[in-house]
Structure formats: structure tokens, C-alpha cells
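J.: coordinates only, no sequence provided:
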């Protein structure tokens, strides 16, 4: 299980990975080794995602979402297959987290009359303690 948030976990079987040859520099390896990763995740068919997250993820995915509702992420930033796999998975997790609903904003509340009174009384007590600590002026 891949943990996205405390409430959302993806089963590894929902993610399909295929390896392709990466474009760009790579020397002699570029034509022989399939280091780029194409990660596919069926957004519409995933039982792990709540409906509201699914809808936001579809909007967020844009052109990376196929007409069948499959999110395709291609990772070829690194020269090794394993690092590209991890990069693709991290990008999927980041996209799902970005599709989460925003937290409910905090409604500010005013302090109660009793707490205001307690605060003022504590200040007065503290003031008295400090005043008693001072050295009285000498009457020479």
C-alpha cells in the first residue's frame, strides 16, 4: 500500500509501469537501455480515491489524462530506471495531495469576558509583586 494521506492509500496493483527509452543525452546507453518510466494510474476506476478528490485530480491532470481517465506520468529525469520509477511515483503522490480539498478555515473567536477579567487580574497581581520588590526611595 502506498500512503498518500492518513485517509488515502493506493494499492500498488492500481499503478502500472512500463519502461521506454529516454530521449536526450546518455552516451552509448541511450539506444540500448530503457531507463524512462511511464506510470499509468486509472483515476476514474480507482476505488481508493474519494469522488471529490477524483474530480479535482482529473481537472488538475490536464493533458496527462487520457480519454479513458488514465493518468500517464513519464519520468526520464535520471539515468537509472529505479530513480525514474521513484520520481514518477513521487509526482503521482504530489498530484493526488494537490487534489485534496483545502482544510476548513479557522473561524476566529473573541475571548470570553471571564478570560479577559482573569487576564487583567493576573496583570494587576504581577504588577503588585514587582512594585513590592523595588527598593523604596531613600529620604536623605
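T.: Yep, that arrived. Everything numeric here is computed off the predicted structure, so don't read it as measured data.
J.: check contacts around the residue nearest the centre of the chain.
T.: Nearest residue to the geometric centre of the chain (C-alpha atoms, centre = their mean): residue 97, 4.7 Å. If you count contacts by C-beta atoms under 8 Å, 6 or more residues apart in numbering, residue 97 has them with 4, 5. For the C-beta atoms, the positions are set from N, CA and C on the backbone; glycine is no exception.
J.: ok, the nearest residue to residue 9 once chain neighbours are set aside to residue 19 distance?
T.: Nearest in space to residue 9, with sequence neighbours left out and distances taken as C-beta to C-beta, 6 or more residues apart in numbering, is residue 1 at 4.5 Å. Going from residue 1 to residue 19 by C-beta to C-beta, to the nearest Å gives 23 Å.
J.: likewise for residue 96?
T.: 23 Å.
J.: neighbour count winner among the two?
T.: residue 96 (25 against 14; other C-beta atoms under 10 Å).
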